[in-house]
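S.K.: The sequence and its predicted three-dimensional model are supplied below.
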Amino acid sequence: MSTSARDTELVEIGPDDCLRLLAGGAVGRVVFTDFALPAAHPVNYLLDGAEVVFRTGAGSKLAAATRNAVVAFQVDEIDRRTRTGWSVLGIGVAYEVTDPVRLVGLADRMPIPWAPGRIAHTIAIPLQQLRGRRLTVTSAVSTT
């Protein structure tokens, strides 16, 4: 019986590659504080320069919790079969986008929220800190 053992390596991803990976993503998690406890909500998003932008509904916990608060945003892609993948984490002070000119510029580019009616607030997270890691296969060794 033949088996394959794989060596993997965890490597840091530079800021430019982190932004490239974020730009190619569709869904990420906003990590915030909800009544002094950690919370994470998935959102579909747009990368606008070095800011993650997403929409949420009126009166939502996410809208309230992300206004002028330090939050994290994480996106990852994992291949369970090969046990490889990457993860990017950005941290910044979230704010609601209220400038009418910017809102018009974002309107056609924003993804349609998966949950209906989640467009009342447009939230941006400037990525003041950005880190990423990638788990890759370095070699394959077969044994018989």
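M.R.: Sure thing, it's come through. Numbers count the residues shown, from 1 in each chain.

S.K.: quick one: the strands in this structure?
M.R.: All strands of the chain, identified by DSSP state E, fall at 3-13, 27-34, 37-44, 46-48, 51-56, 70-79, 84-93, 95-96, 121-126, 129-143.

S.K.: Any regions of this protein where pLDDT drops low?
M.R.: Low-confidence regions of the chain, defined by pLDDT under 70, span residues 1-6, 139-144.

S.K.: Give the buried residues for the helix of greatest length in the chain.
M.R.: Within the chain, and with DSSP state H defining each element, the longest helix by residue count is helix 15-24. When burial is assessed from 16 or more other CB atoms under 10 Å, helix 15-24 yields the following buried residues: 18-19, 21-22. Heads up, the C-betas are built off the backbone N, CA and C, glycines and all.

S.K.: So which of the residues you listed is the closest to residue 83?
M.R.: Distances from the buried residues of helix 15-24 to residue 83 were compared by CB to CB; the smallest belongs to residue 21, at 18.3 Å.

S.K.: So residue 12 versus residue 86, what's the distance?
M.R.: Taking CB to CB, to the nearest Å as the measure, residue 12 and residue 86 are separated by 11 Å.

S.K.: swap in residue 22?
M.R.: When CB to CB is the yardstick, residue 22 and residue 86 sit 11 Å from each other.

S.K.: ok so, going back, between residue 12 and residue 86, tell me which one has more neighbours.
M.R.: residue 86 (19 against 10; other CB atoms under 10 Å).

S.K.: Could you pull up the residues touching the more buried one?
M.R.: For residue 86, the contacting residues are 13, 21, 76-77, 132-135, taking CB atoms under 8 Å, 6 or more residues apart in numbering as the criterion.

S.K.: Quick check: the gap between it and residue 70.
M.R.: Relative to residue 70, and taking CB to CB, residue 86 is found at 24 Å.
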